[in-house]
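> 3D, please:
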Amino acid sequence: MLKFVACLHSYCIFLNDRAGTPSIETAGIIAFVAIAILAALGTMGDTIQNVFSSVTSDLQDQINGS
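Down below sits the predicted model:
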């Protein structure tokens, strides 16, 4: 009987042990944030390219005297 109680106690401790949970949740959050950043950078890259193209065009117009 004592062995059964000790085994049950160990099983309860195992079920209540959540030491690894924050690591898994943190990894999931980091992965989600990384995906969101990559998606935003793709859109932002096109926008930045348009801005530089516009500035280049305006500078060329100023240089050419238009």
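> any idea which helix is longest in the protein?
Longest helix in the chain, counting residues (DSSP state H): helix 21-64.
> got a list of what residue 63 touches?
Applying Cβ atoms under 8 Å, 6 or more residues apart in numbering, one finds that residue 63 lies in contact with no residue. For glycine as for every other residue, the C-beta is placed from the backbone atoms N, C-alpha and C.
> gap between it and residue 57?
Distance, residue 63 to residue 57, by Cβ to Cβ, to the nearest Å: 11 Å.
> How about residue 45?
Distance from residue 45 to residue 57, by Cβ to Cβ: 19 Å.
> go on, residue 10?
Distance from residue 10 to residue 57, by Cβ to Cβ: 73 Å.
> what ranges of the chain fall below the confidence cut-off?
1-2, 7, 11, 15, 17-21, 66 (pLDDT under 70).
> center of it, which residue is that?
The centroid of the chain falls nearest to residue 33 when counting by Cα atoms, centre = their mean (1.9 Å).
> Please identify the helix or strand for residue 4.
Per DSSP states H and E, residue 4 falls inside helix 2-16.
> buried residues in that helix?
Along helix 2-16, not one residue counts as buried under the neighbour rule (16 or more other Cβ atoms under 10 Å).
> swap in stretch 26-34?
Under 16+ other Cβ under 10 Å, stretch 26-34 has no buried positions.
> what distance separates it from the middle of the whole chain?
Stretch 26-34 sits 4 Å away from the centroid of its parent chain (Cα atoms, centre = their mean, to the nearest Å).
> likewise stretch 8-17?
The chain centroid and the centroid of stretch 8-17 are separated by 33 Å under Cα atoms, centre = their mean.
> follow-up on the earlier one: keeping just the C-alphas, turn the helix holding residue 4 into PDB.
Below are the C-alpha coordinates for helix 2-16, written out as PDB (Å, rounded to 0.1, in the frame of the first residue of the first chain):
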ATOM      1  CA  LEU A   2       2.800   2.400   0.900                       C
ATOM      2  CA  LYS A   3       4.400   1.700  -2.500                       C
ATOM      3  CA  PHE A   4       1.100   2.600  -4.300                       C
ATOM      4  CA  VAL A   5       0.900   5.900  -2.400                       C
ATOM      5  CA  ALA A   6       4.500   6.800  -3.200                       C
ATOM      6  CA  CYS A   7       3.800   6.000  -6.900                       C
ATOM      7  CA  LEU A   8       0.600   8.000  -6.900                       C
ATOM      8  CA  HIS A   9       2.400  10.900  -5.200                       C
ATOM      9  CA  SER A  10       5.200  10.800  -7.900                       C
ATOM     10  CA  TYR A  11       2.500  10.700 -10.600                       C
ATOM     11  CA  CYS A  12       0.800  13.800  -9.200                       C
ATOM     12  CA  ILE A  13       4.100  15.600  -9.000                       C
ATOM     13  CA  PHE A  14       4.700  14.700 -12.600                       C
ATOM     14  CA  LEU A  15       1.300  16.000 -13.800                       C
ATOM     15  CA  ASN A  16       1.700  19.300 -11.900                       C
END
